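**Q** Sequence and predicted structure are below.
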Amino acid sequence: MTKHFQSEIEKLKKRILLLAAMVEENLQKAVKAVTEREIDLANQVIDSDPEVDLQEVEVEEDCLKILALHQPVAADLRYVVAILKINNDLERIADLAVNIAERAKALAARQAVAVPFDMSSMLAATVGLVHKSVDALVKEAPDLAHQVIVEDDTIDDFHRTAYRTVQDHIAENPKEVEIMINFLSVSRNLERIADHATNIAEDVIYMIEGEIVRHSMSRNGTFGDNE
């Protein structure tokens with residue numbers, strides 16, 4: 001590895017970790033906006049999304065430049081390819097955090113209604129999953145990545161329960177249908193975020209071990225359309 005190539009890789013690593021930190025912070029703010037009915041926090045998430053998009057584009061450009069100029073092979077090639085894919089998943093998590101922030105604003109504008117499912121546990125579990133996937137990236141720890149893949153099933157179970165519970169609640173309380181749909185939207189976005197966190201974990205394993213695990217490690221089926 002030449003000194004210039006090593007410098008480019010270190011620059012790329014710093015960029016992807018900065019993006020990961022921004023995305024994780026936005027998700028935490030979006031979740032807090034839901035639980036505490038904080039419109040200001042929700043607006044912070046929405047307003048910061050263009051900066052996330054800009055960082056995502058810059059990481060992609062750095063990856064493409066490294067591929068074109070240095071033509072890496074073996075572990076170095078795996079690293080750059082994995083970062084390209086992780087970069088995309090981080091940007092999608094940020095977009096889904098914006099969706100949650102928008103639902104938080106809609107819910108905060110209405111009278112508070114009890115959530116008919118355990119949304120607080122689902123919120124905490126999803127934030128924890130994203131944190132663990134980012135931690136696996138930062139520490140280059142495949143053991144943490146494997147944990148993320150296994151724990152994704154928990155979020156799927158939360159979402160299936162939420163769907164059934166909201167469906168029953170709407171049947172009994174039709175006047176609350178709009179609020180319930182917002183709750184269900186939060187659940188759906190959390191389930192999709194967990195899928196992207198799992199994608200990141202799979203790419204960390206590929207980056208470090210050279211093994212493609214997305215078809216070899218089973219996941220429970222998710223409710224609804226796949227992202």
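**A** Sure, I can see it.
**Q** Met119: what's it in contact with?
**A** 34, 162, 183, 186-187 (CB atoms under 8 Å, 6 or more residues apart in numbering). The way it works is simple: take the backbone N, C-alpha and C, and place the C-beta from them, glycine included.
**Q** Farthest-apart pair in those, please.
**A** Farthest-apart pair in the contacts of Met119 is Val34 and Ala162; separation 13.3 Å (CB to CB).
**Q** Let me have the contacts of Met119 in a markdown table, extended by pLDDT and neighbour count.
**A** Formatted as a markdown table, those follow (pLDDT from 0 to 100; neighbours: other CB atoms under 10 Å):
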| residue | pLDDT | neighbour count |
| --- | --- | --- |
| Val34 | 96 | 25 |
| Ala162 | 97 | 25 |
| Phe183 | 97 | 23 |
| Val186 | 97 | 25 |
| Ser187 | 97 | 28 |
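**Q** Now secondary structure too, for those residues, in TSV please.
**A** As requested, these are exported to TSV (DSSP: H, G, I helix; E, B strand; the rest coil):
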residue	secondary structure
Val34	helix
Ala162	helix
Phe183	helix
Val186	helix
Ser187	helix
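**Q** Looking at these, which one is closest to Phe117?
**A** Ala162 (4.4 Å).
**Q** List the contacts of the nearest residue to Arg37 once chain neighbours are set aside.
**A** Residue nearest to Arg37 in three dimensions, not counting chain neighbours: Ala108, with 4.1 Å by CB to CB, 6 or more residues apart in numbering. By CB under 8 Å, 6+ apart, Ala108 lies in contact with 33, 37-39, 42.
**Q** Of all pairs in those, which one is the farthest apart?
**A** Arg37 and Ala42 (9.3 Å).
**Q** Now do the shared contacts for these two.
**A** Going by CB under 8 Å, 6+ apart, residues that sit against Arg37 and also against Ala42 are 104, 108.
**Q** Who has more neighbours out of these two?
**A** Ala42 (26 against 16; other CB atoms under 10 Å).
**Q** Assess the claim that that one and Ala109 are in contact.
**A** No - between Ala42 and Ala109 there is no contact under CB atoms under 8 Å: 10.5 Å.
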